[in-house]
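> Give me a model of this one.
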Amino acid sequence: MLKEKDFIEIEYIGQLKDGTIFDTNIKEEAKKINLEINTKPLVICLGEAMILPAIDKFLIGKKPGEYTIDLEPKDAFGNRKPELVKTVPASVFKNQKVSPFPGAVFYFDNMVGKVTSVSGGRVMVDFNNPLAGKPVQYKIIVKNQIKDIKEKIKALIRFYARKDLSFTFKDNKLSIEADKKEGIILKFFTKKFKEILDFELEIKEKSGSENKIEKSPETK
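Model prediction:
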């Protein structure tokens, strides 16, 4: 039975009740919706918020296999919130030299908003998740449980840094090669590497031709 902190490789299809696929990591399914995807296997650690909490909870206690999970909005992408539909002055777009139109998507202070209407000097923008308020269904295939420590490390780095990075490990020390920005991000997850894999984290920061080892605050 699967339990918290277990690493598993999964394939999935996320779709609406009418069968419309909105997300998948299966290449054949992705082609149907013209979605370009990374073909690397998706490896997650259960109980670490690497997938929707409702799916996480469902998989704990299960065996590798295929499952279909129906989720109501509150357990998926949340209910729609009227207060997240806001009026934005047209001048905001003009200052950025862009022209808003219904259906256009823009980034506002780390939030994604979709233009719903344009009227004179006012632009209505919906900041709700496009899937908010919609029941969804996930088809999950738990292919296998990951035991190899290298694969576990790769999975955590990929999730936290959003890319693959070189690393070495010995005893309980894990050293990751990263640029300054990546290193700053990874340091926030020092405790996670310790809790999940029992590794003390070091960042080997690359600066030009010089590299230096920086230990995380918790390990100094």
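
> same for the helix ranked longest in the chain, what does it pack against?
Scanning the chain for the longest helix, with DSSP state H as the assignment, gives helix 149-161. Contacts defined by 3 or more CB pairs under 8 Å, 6 or more residues apart in numbering; DSSP states H and E place helix 149-161 against strand 7-16, strand 42-45, strand 167-170, strand 173-178, helix 180-187, helix 190-197. For every residue, glycine as well, the C-beta is placed using N, CA and C.

> repeat that with 7 Å
If contacts are counted by 3 or more CB pairs under 7 Å, 6 or more residues apart in numbering; DSSP states H and E, helix 149-161 sits against strand 42-45, strand 167-170, strand 173-178, helix 180-187, helix 190-197.

> Show residues contacting the first one.
Defining contact as CB atoms under 7 Å, 6 or more residues apart in numbering, one finds that strand 42-45 is touched by 5, 7-10, 25, 50-51, 146, 151, 155-156, 196.

> Of the residues you listed, which one scores lowest on pLDDT?
Taken together, the contacts of strand 42-45 show their lowest pLDDT at Asn25, with 92.

> Determine the number of other residues adjacent to that residue.
Asn25 has 19 neighbours, counted by other CB atoms under 10 Å.

> which residues touch stretch 143-154?
By CB under 7 Å, 6+ apart, the list of residues contacting stretch 143-154 from outside reads 2, 6-11, 43, 64, 164, 167, 169, 174, 197.

> Tell me which of the helices and strands packed on helix 149-161 sits nearest to Asn129.
Nearest to Asn129 among the helices and strands packed on helix 149-161 is strand 42-45; the distance by CB to CB comes to 20.5 Å.

> measure Ala76 to Leu165 for me?
As judged by CB to CB, to the nearest Å, Ala76 and Leu165 stand 31 Å apart.

> Kindly report the same for Lys180.
Lys180 is 13 Å from Leu165, by CB to CB.

> what's the answer for Asn144, then?
According to CB to CB, Asn144 and Leu165 sit 24 Å apart.

> Same question for Lys63.
Lys63 is 32 Å from Leu165, by CB to CB.

> And these two? Which one has more around it.
Legend: neighbour count by other CB under 10 Å for Lys63 and Leu165, higher for Leu165 (19 against 10).

> what pLDDT does the more buried one get?
pLDDT, Leu165: 95.

> again, but for Lys215
pLDDT recorded at Lys215 is 44.

> The host helix or strand of Glu66 - contacts with which helices or strands?
Here Glu66, judged by DSSP states H and E, is contained in strand 65-71. When contacts are defined as 3+ CB pairs under 7 Å, 6+ apart, strand 65-71 packs onto helix 53-59, strand 136-146.
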